[in-house]
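1. compute the structure for the input listed below.
(one chain, ligands or ions: 1)
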Amino acid sequence: MINRTRNRAQQASPSALSIPELRNTFQGNVIAPGDADYDAARTVFYGGIDRHPAVIIRVKNADEVARVIALAKETGMDLSVRSGGHSVVGHSVADNGIVLDLSLMKDLQIDVDGQTAWVEPGLTAGEYTATAGEHNLATGFGDTGSVGIGGITLGGGVGYLVRKYGLTIDDLLAAEIVTADGQLLHIDASSHPDLFWAVRGGGGNFGVVTRFQFRLHKVDSVVGGMIFLPAIPDTIASFIDLAEAAPDELSGIANVMTAPPMPFLPKEYYGKPVIMGMLVYVGDAAEAERAIAPFRAITTPIADMIRPMKYPEIYPPEQEGYHPVAASRTMFLDSIDRDVATTILDYLTSSKASMAVAQLRVLGGAMARVPVDATAFAHRASRIMVNVAALYDQPDQKATHEAWVTEFAGAIQQSDNGAYVNFLGDDGAERIRAAYPGRTWERLAAIKAEYDPTNLFHLNQNIVPAEQ
Ligand SMILES: Cc1cc2nc3c(=O)[nH]c(=O)nc-3n(C[C@H](O)[C@H](O)[C@H](O)COP(=O)(O)OP(=O)(O)OC[C@H]3O[C@@H](n4cnc5c(N)ncnc54)[C@H](O)[C@@H]3O)c2cc1C
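-> Predicted coordinates for the structure are as follows:
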């Protein structure tokens, strides 16, 4: 009988590996403890994650992916899969195990006339968007350019085109995936449709995706950028009301936070509660101005940097070496009125973190028009996605900040108990179930049992294979 939740690292030892042999096999893209680039290669986006893999293998193609999968099976070692390294809990770096690192797989083939692209998972959202942007084409990813297209796509993908064109998975036309038995499968709506359904929201549970095929939309210039408003209950509630009433062309995020010392903010606002709004309007510039005007009229903006821009400019350059340590909770709310906004402000101003933030994203639009069972992302009716987070410096403060985010999330919880898998932390089995409500979980567990019956791909928000 298979132990579906086994910890493979307890059964295996890195001594089963021959690093020199691996170096011969994988053309020098093998990084082991003691190598000069080992520490950089095991570093992920979030700080406070200090895992020591036995080996990191930077694969170049699907054949090498299959060989790493075989290696994990032979040695019984933990296998983690890494694209952009932005997993909230560092799932992509296995302690004492094997890291299958896809970051060298960056091929991108764009069919400009057909408005589709085949792309390997080592590209980041920013890299893909910059290249597609050269043709005035885009696929929607998230709010941050350095996030890998591998992880964001497999969990769903909520970004600046979500109300106009839906989630990233709503533009996923096909994929190629190496499953636990080492086979490379082409999956789409008619070929392995069950697996194609599962990878659209079910994360990295079903195999290693070596290529995605996306639909591209004509997106040339947009009107977008940051707007800062003072955060009081009325301004927060108004911002959310306006975002809900806005046309689908407008998607955005309201980050309610204490103002960091940004050079473009007047000094008297540093440390005061602000809304850092990020708005993107895809469409006619004059209509964009009309849609954005009510946000500017909520109150006098502290700073207004919204302007016409090329779509790829939504991803500005990021700070090198930025690795925040964070405690966070993700949830959905039905509404944010003055009372909820007051609670949000009370919690933010009571936090001892170096930065405390409530990130509010109004959903709806195209995302909500996809049938709930069309993909494994089952939160089509959810209204507002909320992430509350404390970013802190001292690892020994973890308990304080974890308690704060837990209490904060509990204080604003409403009737929607769901969770978006890509923002889940180490929140336990119950919250993973909440990411896959109703029939979604049973369907995913059955597909997992078919394609990964031994739970080889378990370093993720894990879907345990159904009993067979
Ligand atoms: C700063 C920041 C901003 C973010 N903003 C957004 C946002 O706006 N919208 C949004 O939807 N999400 C957002 N996210 C969440 C993000 O989508 C997830 O963290 C995602 O998993 C990151 O993907 P990655 O490839 O960079 O991560 P990785 O850590 O490399 O991968 C995460 C997991 O995904 C799986 N995986 C990755 N690639 C593959 C593959 N090719 N085949 C099989 N499995 C794979 C593996 O299980 C892996 O452990 C954000 C995260 C961060 C840190």
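2. tell me who's in contact with the residue in the chain positioned nearest to the ligand.
-> Nearest residue of the chain to the ligand (CB to the nearest ligand atom) works out as Gly151 at 2.0 Å. From N, CA and C alone the C-beta is placed, and that goes for glycine too. The neighbours of Gly151, taking CB atoms under 8 Å, 6 or more residues apart in numbering as the test, are 83-84, 86-87, 92, 203-204, 422.
3. tell me the strands in the stretch 151-300 of the chain, going along the chain?
-> Along the stretch 151-300 of the chain, the segments classed as strands by DSSP state E, counting those that start in this stretch run 172-178, 184-188, 208-215, 217-218, 221-230, 250-258, 273-282.
4. quick one: closest of the ones you listed to Thr440.
-> Smallest distance to Thr440 across the strands of the stretch 151-300 of the chain (CB to CB): 17.1 Å, for strand 172-178.
5. ok, the closest residue to Ala138 other than its chain neighbours - contacts?
-> In space, and not counting its chain neighbours, Ala138 is closest to Val219: 3.9 Å by CB to CB, 6 or more residues apart in numbering. Neighbour list for Val219: 133, 136-138, 161, 282, 311 [criterion: CB under 8 Å, 6+ apart].
6. around the ligand, which positions in the stretch 301-450 of the chain sit nearby?
-> 422-423 (CB under 6 Å from any ligand atom).
7. where does the chain have low pLDDT?
-> 1-13, 28 (pLDDT under 70).
8. which stretches in it count as helices?
-> 19-25, 38-41, 62-75, 125-133, 149-155, 162-165, 193-199, 233-245, 285-296, 338-350, 366-369, 398-412, 429-435, 439-451 (DSSP state H).
9. got the angle between the fourth one and strand 208-215?
-> Taking axes from the mean of the first three to the mean of the last three CA atoms, to 10 degrees, helix 125-133 and strand 208-215 form an angle of 40 degrees between their directions.
10. centre of the chain versus helix 125-133, how much separation?
-> Between the centre of helix 125-133 and the centre of its host chain there is 16 Å, according to CA atoms, centre = their mean, to the nearest Å.
11. neighbours of the residue nearest to Glu249 when sequence neighbours are not counted, how many?
-> By the measure of CB to CB, 6+ apart, the closest residue to Glu249 outside its immediate chain neighbours is Gly283, 4.2 Å from it. Neighbour count of Gly283, defined by other CB atoms under 10 Å: 18.
12. for Gly155, same thing?
-> When neighbours are counted by other CB under 10 Å, Gly155 comes out with 29.
13. I'd say it and Tyr420 touch.
-> Yes. The criterion here is CB atoms under 8 Å, and Gly155 meets it with Tyr420 at 7.2 Å.
14. deepest in the core, which of the helices of the chain is it.
-> helix 149-155 (a mean of 29; mean count of other CB atoms under 10 Å).
15. then that one to CSV, C-alphas only?
-> C-alpha atoms of helix 149-155 as CSV (Å, rounded to 0.1, in the frame of the first residue of the first chain):
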residue,chain,number,x,y,z
ILE,A,149,5.3,32.0,-15.7
GLY,A,150,5.5,28.3,-14.5
GLY,A,151,4.1,28.7,-11.0
ILE,A,152,1.7,31.6,-11.7
THR,A,153,0.1,29.9,-14.6
LEU,A,154,-0.4,26.5,-12.9
GLY,A,155,-2.2,28.2,-9.9
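16. from the chain's centre, how far out does that helix sit?
-> Taking mean C-alpha positions (CA atoms, centre = their mean), helix 149-155 and its chain are 6 Å apart.
17. cool, stretch 226-238 as well?
-> Distance, centroid of stretch 226-238 to centroid of chain: 26 Å (CA atoms, centre = their mean).
18. Serialize the strands of the stretch 151-300 of the chain to JSON lines and add fields for mean neighbour count and distance to Ala237.
-> Output for these, formatted as JSON lines (neighbours: other CB atoms under 10 Å; distance: least, CB to CB, whole Å):
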{"stretch": "strand 172-178", "mean neighbour count": "21", "distance to Ala237": "35"}
{"stretch": "strand 184-188", "mean neighbour count": "17", "distance to Ala237": "43"}
{"stretch": "strand 208-215", "mean neighbour count": "22", "distance to Ala237": "36"}
{"stretch": "strand 217-218", "mean neighbour count": "14", "distance to Ala237": "32"}
{"stretch": "strand 221-230", "mean neighbour count": "21", "distance to Ala237": "12"}
{"stretch": "strand 250-258", "mean neighbour count": "24", "distance to Ala237": "11"}
{"stretch": "strand 273-282", "mean neighbour count": "24", "distance to Ala237": "11"}
